[in-house]
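Enquirer: How does the following fold in three dimensions:
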Amino acid sequence: MDLLVHLFFLVVSATGVIILGLILVFLVMEGLPIFEKISIKDFLLGSAWYPTYDPADYGIFPMIVGSISVVVVSTLIAVPLGVGTAFYLAEIASPRMRGILKPVIELIEGLPTVVIGFVGMAVIAPLLQNVFNLDTGLNVFNAGVLLALMAVPTVASIAEDAIYSVPKSMKDGALALGATHWETICGVVFPASITGIATAVVLGIARVIGETMVVLMVAGGAAMIPESIFDPVRPMPANIAAEMGNAAFRSDHYHALFAIGLVLFLITFLFNLLASYFANKYRRVGEAI
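Expert: This next block holds a predicted model:
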């Protein structure tokens with residue numbers, strides 16, 4: 001019986017890894033054929049994306065830059081807000097205020113992405129266009145703000161759990177030595193919870209990187225390298241969603257879109273690997289700080 005239970009949980013825990021591996025295999029099988037027509041260098045560093053031209057151009061460098069620009073803007077907004085919200089809820093807010101804010105944050109996390117996209121198109125885009133006198137309000141900044149709104153609940157919830165996991169004896173010890181509440185938060189709670197906070201940031205950014213509907217609706221849809229945060233872009237997920245329905249099955253265009261998915265997969269994997277390295281580097285175990 002013990003062996004059967006052990007095998008059951010082993011299979012359950014391995015299912016996610018197996019599915020992820022199968023997805024990677026599928027992406028490789030469908031994406032690699034495009035490199036028989038174009039080199040990897042031209043695909044990654046090419047500046048033109050014209051899949052219907054003859055001859056076609058399959059350069060995705062503007063999309064890579066567009067994805068990075070949107071992620072950077074959203075990260076600069078989401079990380080301070082998410083981590084700050086987590087510390088406020090865990091260490092500063094009264095139980096009554098925590099009971100009000102926590103459901104609101106969870107409600108934001110549950111909003112459909114298409115609704116968030118409509119808000120960006122109908123409210124934020126005209127506002128940006130009027131305030132900054134822009135040609136269009138569908139741009140990097142608009143997409144970054146909305147993606148940050150989606151990432152803040154994820155960052156805040158997981159970071160809050162990490163902060164709560166810090167042993168109370170550590171905080172009591174710092175206070176007993178004369179540290180103020182603020183000094184205890186900065187010098188004890190934050191270092192002790194840095195691994196969990198890093199995990200929260202990684203998961204928040206991972207959601208931003210792969211988000212499709214919002215960037216499809218509000219990023220502008222222009223496959224160009226942005227010169228400012230108010231320029232329209234076309235991130236990689238948006239390009240896949242916009243063109244996959246129009247690509248003929250097993251055509252060069254079809255394989256090029258799967259190759260974009262493979263690049264997106266590898267970028268996400270490498271980012272998580274790097275973040276995991278830094279999280280483990282600054283890991284603190286138990287109360288030995």
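
Enquirer: Please list all residues in contact with Ala259.
Expert: Gly31, Leu32, Ile34, Phe35, Phe43 (Cβ atoms under 8 Å, 6 or more residues apart in numbering). Where you see a C-beta, it was placed from the backbone N, CA and C, and this is true even at glycine.

Enquirer: Val189 against Lys171, yeah?
Expert: Yes: between Val189 and Lys171 there is a contact under Cβ atoms under 8 Å: 6.5 Å.

Enquirer: More neighbours: the two, which one.
Expert: Taking other Cβ atoms under 10 Å, Val189 and Lys171 do not tie; Val189 has more neighbours (21 against 18).

Enquirer: Let's see which of the contacts of Ala259 end up in helices.
Expert: Gly31, Phe43 (DSSP state H).

Enquirer: Would you point out the most distant pair within the contacts of Ala259?
Expert: Spatial extent of the contacts of Ala259 (Cβ to Cβ) is set by the pair Leu32 and Phe43 at 11.1 Å.

Enquirer: These two: who's more crowded?
Expert: Neighbour count, other Cβ under 10 Å: between Leu32 and Phe43, Phe43 has more, with 20 against 13.

Enquirer: any idea how far that one is from Ala162?
Expert: 39 Å (Cβ to Cβ, to the nearest Å).

Enquirer: Also Ser94?
Expert: Taking Cβ to Cβ, one finds Ser94 at 21 Å from Ala162.

Enquirer: the more surrounded of the two?
Expert: The neighbour comparison of Ser94 against Ala162 (other Cβ under 10 Å) goes to Ala162, with 21 against 8.

Enquirer: ok, the more buried one - contacts?
Expert: Counting by Cβ under 8 Å, 6+ apart, Ala162 has contacts Ala86, Ser193, Thr195, Gly196, Ile197, Thr199, Ala200.
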